[in-house]
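Participant: I would like to see how this sequence folds:
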Amino acid sequence: MLRRILRAAKLEPELFEEVEADQGATIEAVVVVILSSLAAGVGLTSTVGGVGFFWGTVAALVGWLLWAVLIFFIGTKWLPAGETHTDMGELLRTLGFSSAPGVIRIFGIFHPTLSGFLGITAFLWTLLAMVVAVKHVLDYPTTGRAMMVVGIAGFIQLLLFGGLYFLITLTLGGGPTP
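Facilitator: Alright, predicted model coming up:
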């Protein structure tokens, strides 16, 4: 499993083809997502304390799942290529391993500035891994199409999370006062 995580972090296309076909890799993919999400939570503790661990972990898990579901529907229903054929299990395995770069966020525990830097680095690195994963799992002939699917799904996710944050803030009295 560690070898697969390292190969995913190195953005090896063959790794994503391998885990797509290996139904036994489902548990490993879930472990990678959990490790990456826990790393996000641990990394935030230097910035916002214990609440950062909880909410960072939850947000990372929910965000990953939402992004995966959006990628599945956008990639297979709205923007399929002629060769696109996948199921949710294949997609979840490949996207699970694409979250491997997020594990570096754990080192954010050492300093708030490091936490921010690692958060941005992990996000961009994971984004690249997602594009590679999507290109292979959806059998796209070009990287551009995979970038478009990941980007559209990410934008929708951002709108949903932003809207939820806005509603929570207003509900809890964080909005403007008359």
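Participant: Would you map the helices across the protein?
Facilitator: For the chain, the helices defined by DSSP state H cover 2-9, 13-21, 26-48, 50-73, 88-98, 112-137, 143-171.
Participant: Tell me which residues of stretch 149-158 come out buried.
Facilitator: Using 16 or more other C-beta atoms under 10 Å as the test for burial, stretch 149-158 gives 149, 150, 152, 153, 154, 157. Heads up, the C-betas are built off the backbone N, CA and C, glycines and all.
Participant: Next, format the helices of the chain as TSV and append distance to residue 104.
Facilitator: Below are these laid out as TSV (distance: least, C-beta to C-beta, whole Å):
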stretch	distance to residue 104
helix 2-9	9
helix 13-21	18
helix 26-48	7
helix 50-73	13
helix 88-98	14
helix 112-137	5
helix 143-171	19
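Participant: re the thing from before, if we take the buried residues of stretch 149-158, which one ends up nearest to residue 164?
Facilitator: Using C-beta to C-beta, residue 157 comes nearest to residue 164 of the buried residues of stretch 149-158, at 10.6 Å.
Participant: From residue 96, how far off is the closest one?
Facilitator: Counting by C-beta to C-beta, to the nearest Å, the gap from residue 157 to residue 96 is 17 Å.
Participant: returning to what we had before: which of the helices of the chain sits most buried?
Facilitator: Scoring these by mean neighbour count under mean count of other C-beta atoms under 10 Å gives helix 88-98 as the most buried, with a mean of 24.
Participant: For that one, give me every contacting residue.
Facilitator: 4-5, 8, 15-16, 19-23, 25-26, 28-30, 32-33, 64, 67-68, 71-72, 75, 126, 129-130, 132-134, 136-138 (C-beta atoms under 8 Å, 6 or more residues apart in numbering).
Participant: for stretch 122-129, same thing?
Facilitator: Outside of stretch 122-129, the residues within contact range by C-beta under 8 Å, 6+ apart are 8-9, 11, 36, 40, 97-105, 150, 154.
Participant: make it 7 Å
Facilitator: Stretch 122-129 has contacts (C-beta atoms under 7 Å, 6 or more residues apart in numbering) with 8, 11, 98, 99, 100, 101, 102, 104, 105, 150.
Participant: Narrow these to those that are buried.
Facilitator: Among the contacts of stretch 122-129, those classed as buried by 16+ other C-beta under 10 Å are 8, 11, 98, 99, 100, 101, 102, 104, 105, 150.
Participant: Closest one of those residues to residue 53?
Facilitator: Looking across the buried ones among the contacts of stretch 122-129 and measuring by C-beta to C-beta, the closest to residue 53 is residue 105, at 11.5 Å.
Participant: Okay, the residue nearest to that closest one when sequence neighbours are not counted and residue 159: tell me how far apart.
Facilitator: Take residue 105 and drop its neighbours on the chain: the residue closest to it by C-beta to C-beta, 6 or more residues apart in numbering is residue 43, 3.8 Å away. For residue 43, the distance to residue 159 (C-beta to C-beta) stands at 25 Å.
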